[in-house]
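Novice: what's the 3D shape of this:
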Amino acid sequence: MTAPHRLTAEIYTEGILRGDRLTLSRAITLIESTLPSDQQLATEIIRNCLPYTGNAYRVGITGVPGVGKSTFIDGFGSFLISEKLRVAVLAVDPSSSRSGGSILGDKTRMEKLAASSQAFIRPSPSGGNPGGVARKTRESILLCEAAGYEMILIETVGVGQSEISVFSMVDFFLLLLLPHAGDELQGIKRGIMEMADGLIIHKADGVMQAAARQAQTAYSQAIRLFNHDSPDWRPQIIPCSSLTGKGYPEIGNMLNQYKTLTLKNGFWEQKRSLQLNQWLKEAIEQQLLNSFYSHPRVVSRLEELSREVADKRLSPTEAAEILLKTMGES
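Specialist: Prediction:
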């Protein structure tokens with residue numbers, strides 16, 4: 001059986017730059033792959049695409065379970081397309097190596113976006129660890145930007161670590177909340193509230209409209225306790241309904257206001273610089289981990305030392321020191 005025809009980095013790059021969704025999808029599949037030959041090809045493609053990146057608006061979207069992130073992304077993404085923008089949706093799920101993630105379900109729930117030629121929906125694979133998620137999502141963002149997508153919506157699928165990962169790679173971090181302020185305020189971690197650049201009270205329709213207004217007041221009071229990273233910006237709180245489309249224009253205006261303000265005060269470029277520095281740091285850490293666990297001497301001694309730790313003959317710290325010294329031996 002002959003091997004399938006393998007495209008060159010130049011052919012991939014050409015397809016991505018002309019906005020071909022199939023080529024973009026295949027290139028992201030290369031990013032997912034752990035095969036050295038695929039990784040080498042993916043690196044070439046990313047290098048070729050770098051000059052065409054950086055022009056998109058990167059928006060992270062998170063929220064409590066049941067808040068309707070997928071429904072919101074479907075509706076708001078469709079609104080953005082009506083405003084003549086091309087939209088890419090990526091999902092970050094550090095737990096997907098164990099649970100399988102939920103992006104396939106999300107894609108079936110994003111029916112309007114999935115049917116649009118101006119949208120691209122894609123999972124961001126975990127690679128078995130949060131560091132893998134962050135690196136592969138960042139590389140996927142670059143390829144989507146090179147393909148001409150002007151708005152990239154990055155959804156957190158997992159909880160905890162995924163919010164931190166997404167926050168470190170976006171320009172604007174959007175927190176979706178339900179219109180039950182009293183209960184919600186108890187359940188929302190302070191750190192997530194502090195990270196948010198904007199708060200959306202979702203499902204603010206029908207009998208929940210009054211509750212949404214009360215929640216808006218409660219959250220307005222709560223965020224006064226937090227200092228935003230950009231001193232000139234105060235996070236806005238917008239009621240929204242994906243059933244009626246209420247709130248979508250206001251959210252679009254909020255994103256535009258934030259970008260205009262932060263470009264003017266220099267915070268936009270400062271945040272982009274921090275994103276690159278964080279990516280570099282994570283890349284170094286990931287390379288060191290890969291080198292460590294693939295080192296022949298570490299591989300030969302790891303199982304033995306793991307048993308000694310399990311039998312309480314060695315502490316984990318002692319075992320780690322032995323392995324690091326073993327790796328450093330000439």
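
Novice: Assess the claim that E10 and I45 are in contact.
Specialist: No. Using CB atoms under 8 Å, E10 makes no contact with I45, being 9.1 Å away. In short, each C-beta sits where N, CA and C put it, glycine included.

Novice: Wasn't F173 part of a strand?
Specialist: Yes. Applying DSSP: H, G, I helix; E, B strand; the rest coil, one finds F173 inside a strand.

Novice: who's it bridged to?
Specialist: On DSSP bridges, the residues paired with F173 through beta bridges are G60.

Novice: circling back to that earlier point, which of E10 and I45 has more neighbours?
Specialist: The neighbour count for E10 versus I45, taken as other CB atoms under 10 Å, is higher for I45 (28 against 11).

Novice: what helix or strand is the more buried one on?
Specialist: Under DSSP states H and E, the secondary-structure element containing I45 is helix 36-49.

Novice: Show residues contacting that helix.
Specialist: Contacts with helix 36-49, where a contact means CB atoms under 8 Å, 6 or more residues apart in numbering, come from 9-10, 12-13, 16-17, 27, 30-31, 33, 139, 142-143, 145-146.

Novice: try 7 Å
Specialist: If you take CB atoms under 7 Å, 6 or more residues apart in numbering as the criterion, helix 36-49 is touched by A9, Y12, T13, I16, A27, L30, I31, S33, E139, L142, L143, A146.

Novice: ditto for stretch 300-307
Specialist: Everything outside stretch 300-307 that qualifies as a contact, by CB under 7 Å, 6+ apart, is L314, A319, I322, L323, T326.

Novice: in that stretch, what's buried?
Specialist: Counting neighbours by 16 or more other CB atoms under 10 Å, one finds that the buried residues in stretch 300-307 are R301, L302, L305.

Novice: What segments of the stretch 151-300 of the chain are helices?
Specialist: 161-167, 181-187, 190-195, 209-223, 248-265, 267-294, 296-310 (DSSP state H, counting those that start in this stretch).

Novice: if you compare these, which one is most tucked away?
Specialist: Of all those, helix 161-167 has the most neighbours on average by mean count of other CB atoms under 10 Å, namely a mean of 22.

Novice: ok, and the closest non-adjacent residue to T62?
Specialist: Spatially, and ignoring its direct neighbours in sequence, T62 is nearest to T156 (4.2 Å; CB to CB, 6 or more residues apart in numbering).

Novice: Kindly provide the distance from L142 to E10.
Specialist: Distance of L142 to E10, computed by CB to CB, to the nearest Å: 17 Å.

Novice: swap that for N277, please
Specialist: Going from N277 to E10 by CB to CB gives 30 Å.

Novice: and if you look at G328?
Specialist: For G328, the distance to E10 under the criterion CB to CB works out to 41 Å.

Novice: Over to E308?
Specialist: Using CB to CB, one obtains 52 Å as the distance from E308 to E10.

Novice: just F76 next, same as before
Specialist: Per CB to CB, F76 is found 36 Å from E10.

Novice: same thing with H228?
Specialist: The span separating H228 from E10 equals 44 Å under the rule CB to CB.

Novice: how about the helices in the stretch 1-150 of the chain?
Specialist: With DSSP H, counting those that start in this stretch as the definition, the stretch 1-150 of the chain shows helices at residue ranges 9-17, 21-32, 36-49, 69-82, 96-99, 103-109, 111-114, 130-146.

Novice: and the residue nearest to K271 when sequence neighbours are not counted, what are its phi and psi?
Specialist: Excluding its sequence neighbours, the residue lying closest to K271 (CB to CB, 6+ apart) is D171, at 6.4 Å. Backbone torsions for D171, taken as degrees, to the nearest 10, come to phi -90, psi -30.

Novice: So D171 is in contact with G60, correct?
Specialist: No. In this structure, D171 is not within contact of G60 by CB atoms under 7 Å, at 8.5 Å.

Novice: neighbour count winner among the two?
Specialist: For D171 versus G60, neighbours defined as other CB under 10 Å are more numerous around G60 (27 against 20).

Novice: Roughly how far does the more buried one sit from G66?
Specialist: Between G60 and G66 the computed distance is 19 Å (CB to CB).
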